[in-house]
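Visitor: Provided below for reference: sequence and predicted model.
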Amino acid sequence: MAPLPGWKDLPPGCPIQEPLSARNNLTGSWRSARPIWDHDKCVRCGVCDLFCPEACIKPDHEGLYQANLDYCKGCGICAQECVTQCISMKQEEE
């Protein structure tokens, strides 16, 4: 097996060496805050899902949105963009 190229050998941009490999990297462990939904206020519009840069927010079988905390980095964009203000960010406990 040939060695992988070093960072200086890669062209500019985002070269993907192995498709879907990001699924193997559970990046939520360094999150400092997590999104919490008040489902009584949620109108199920999906804006949180649309704006999530990690694409980790999905509706459950009832259509209520939740973040997959294995991948959520706690950026708060979902809470900022929520039209009903039903998402709040809760600080993670150590």
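Guide: That came through fine. Residues are numbered from 1 along each chain as shown.
Visitor: and the residue nearest to residue 51 when sequence neighbours are not counted, how many residues sit next to it?
Guide: Counting by Cβ to Cβ, 6 or more residues apart in numbering, the nearest residue to residue 51 once its immediate chain neighbours are dropped is residue 81, at 4.5 Å. Using the backbone N, CA and C atoms, a C-beta is placed for each residue, glycine as well. Residues lying near residue 81 (other Cβ atoms under 10 Å) number 13.
Visitor: quick one, what contacts residue 81?
Guide: Residue 81 makes contacts with 47, 48, 50, 51, as judged by Cβ atoms under 8 Å, 6 or more residues apart in numbering.
Visitor: and the first one, what pLDDT?
Guide: I take that to be residue 47. Residue 47 carries a pLDDT value of 97.
Visitor: from here on, count from 5
Guide: That works, and once the first residue is 5, the last one we named lands at residue 51.
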